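> model this:
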Amino acid sequence: MFSIPGKQAVTITAPAVKQIRKLMERDSRHGLRIGIKKGGCAGMEYTMDYVDAADPHDEVVEQDGARVLIAPMAQMFLFGTEIDYETSLLESGFKFRNPNVEDACGCGESIKFKHIDALRAEQGQG
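Okay, here's the model as predicted:
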């Protein structure tokens, strides 16, 4: 598991906390799991899924009643990310402000991460 003692993997803004709690309560779920998968025009995409229980290898971030679980494969790539929830006239959704992203497509749905060795060096892991 990738973590720095005393530091949460991700931070969650107040609007995101409110939306996550709303989703958890509405659907009686344990939390939301965030991961990454191959896909999109930039190479990788974020995933969000409801979960009924934590996996033993998930990084669990709890804030004001909101619970986010980070899938093991995604932990290094999401470390330092701020999760926000934005509402506009045209769309509403979660936004990820991720310092590990090197490039993103125009719609913001697809991302490219920095090289893994650069990530480890920046985060003090080697």
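
> the residue nearest the centre of the chain in helix, strand or coil?
Closest to where the C-alpha atoms of the chain average out (C-alpha atoms, centre = their mean) is Ile34, at 4.9 Å. What DSSP: H, G, I helix; E, B strand; the rest coil gives for Ile34 is strand.

> check contacts around it.
Ile34 sits next to Val10, Tyr46, Thr47, Met48, Val68, Leu69, Ile70, Ala71, Ala74, Leu78, Ile83 when contact means C-beta atoms under 8 Å, 6 or more residues apart in numbering. In short, each C-beta sits where N, CA and C put it, glycine included.

> cutoff 6 Å now
Listed by C-beta atoms under 6 Å, 6 or more residues apart in numbering, the contact partners of Ile34 are Met48, Val68, Ile70.

> ranking the residues you listed by neighbours, who comes first?
Ile70 (28 neighbours; other C-beta atoms under 10 Å).

> model confidence for it, exactly?
According to the prediction, Ile70 has pLDDT 94.

> check Phe2 too.
What the model reports as pLDDT for Phe2 is 49.

> same check on Gly126?
pLDDT recorded at Gly126 is 52.

> with Met44 instead?
Per-residue pLDDT puts Met44 at 79.

> what count of nearby residues applies to it?
Met44: 18 neighbours (other C-beta under 10 Å).

> now Lys38
Applying other C-beta under 10 Å, we find 7 residues neighbouring Lys38.

> what about this structure, any weak spots by pLDDT?
Where the chain drops to pLDDT under 70, the residues are 1-7, 41-42, 103-126.

> and the strands in it?
Ranges of strands within the chain are 10-12, 31-38, 44-51, 59-63, 66-70, 81-87, 92-97, 101-104, 110-113, based on DSSP state E.

> for the first one, which helices and strands make contact with it?
Looking back up the chat, that one is strand 10-12. Under the contact definition 3 or more C-beta pairs under 6 Å, 6 or more residues apart in numbering; DSSP states H and E, strand 10-12 sits against strand 81-87.

> try 7 Å
Packing partners of strand 10-12 (3 or more C-beta pairs under 7 Å, 6 or more residues apart in numbering; DSSP states H and E): strand 59-63, strand 66-70, strand 81-87.
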